[in-house]
Structures are given as structure tokens and as C-alpha cells.
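Engineer: structure of the sequence below:
(chains A and B)
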Amino acid sequence: MQIGRVMGNVVCTIKNDPLEGKKLLLVQPLDKDGKDVGKVFVALDAVGAGAGETVYWCRGREASMPWYPDQEVPTEATIVGIIDEIHLA
Amino acid sequence: MLIGKVIGDVVATQKHSSHEGLKILYVQLLNLNGSARGNPILAMDAVDAGVGDQVLVTQEGWSAMTSIGRPFSPIDMSVIGVIDHVELE
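Structural biologist: Okay, here's the model as predicted:
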């Protein structure tokens, strides 16, 4: 999993059926100082995250697990937690 | 698998139900010379590792999920060993 900030969302009217009713969010990955690192990408939301929140996401096949086995959802990145605090040593 | 160092942990109240009760470690992956290998990642703890430990990290989803006893959950990385030392020939 990795840490990022939600920048906004993406709206698709036409989409693969299992994506119906799910939120597509824009995510900016962050480094350990909370600064932007790398490029913004689109992730599916599994926890009700919104713009401005610090979140963590899961990538790959595992990203579709929040809906498995009820639905086979096409996603390569899914937000699975909203971060309250980061404790750095 | 990759070698990393636990640099902190993360608290998230709102998260996928399968993540309840798990320790989320903030891990800096390392090169053999000890330099940082990319941006730090989040990995679920399967071995009760702590801050400062040098650890073994799996990036393979099924291994990550099963190592912490949560198959079919959105988890893509876990800490599966605490490294005593690395022997380089």
C-alpha cells in the first residue's frame, strides 16, 4: 500500500457495469514529508474518501478484493483506508 | 521479496473491514548499500516487527494476504520477516 492525498474525482457516465455506483478519485502520491511525489492517477474508492483526505491505497489484483466475490470489479488501484495519523520514528 | 526498514506506523480509523486489528507499518525499502529504494510504502505486519527493525517485505498480493491470515482482502504488501543480518559474498 502507499500514501496519497485525494485531489478530486472523475465522472464516467459510460463504464463497465461493476463500476456502477463506485467513486473514481484522483490521487497524488506523497513522500514521508507529506510532499507530492510522482504523478497523479485514478483510484477506485472502497471507504468513502473525499477530496483533501490523506489515504492509503492497494494496487494490483488485490485492489478488487473489497467487492470480491460478489462482483469482479476492474481496478488496479483502490483506496482502502483514510489515514488519521502517521507516526515517524 | 525486498529488504526494508520500518520507519514508522500509520493510524487509520476508517478503513476496509479486513484491515481491522492489523498493524500498518511504514517501511522504507532499501538498496543493498542501505540507500532508499523509492518512496516509502505501507505494509501489514505479519511478524510483530517494530520501528527501526530491518525487515523482509513481500510485494505479492496472495502472499501478503495469507501471511497475515486475511485471504481475499485488499492487501498488497506485508512484512514477513525481521532480518538479523545480510551476508554478502
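
Engineer: and stretch A:8-25, which residues are buried?
Structural biologist: Within stretch A:8-25, the residues scored as buried using 16 or more other C-beta atoms under 10 Å in any protein chain shown are A:18-19, A:22-25. Yep, even glycine has a C-beta here, placed from its N, CA and C like the rest.

Engineer: bridge partners for the residue of chain B found nearest chain A, pull those for me.
Structural biologist: In chain B, the residue found nearest to chain A is residue B:15; the distance is 3.4 Å by C-beta to the nearest C-beta. Residue B:15 has these beta-bridge partners by DSSP bridges: residue A:81.

Engineer: on that earlier part again, from the buried residues of stretch A:8-25, which is closest to residue B:61?
Structural biologist: The nearest member of the buried residues of stretch A:8-25 to residue B:61, counting by C-beta to C-beta, is residue A:18 at 19.0 Å.

Engineer: am I right that that closest one is in a strand?
Structural biologist: No: Residue A:18: not assigned to a strand; according to DSSP: H, G, I helix; E, B strand; the rest coil it is helix.

Engineer: which residues does it contact?
Structural biologist: Residues in contact with residue A:18 (C-beta atoms under 8 Å, 6 or more residues apart in numbering or on different chains) are A:67, A:71-74.
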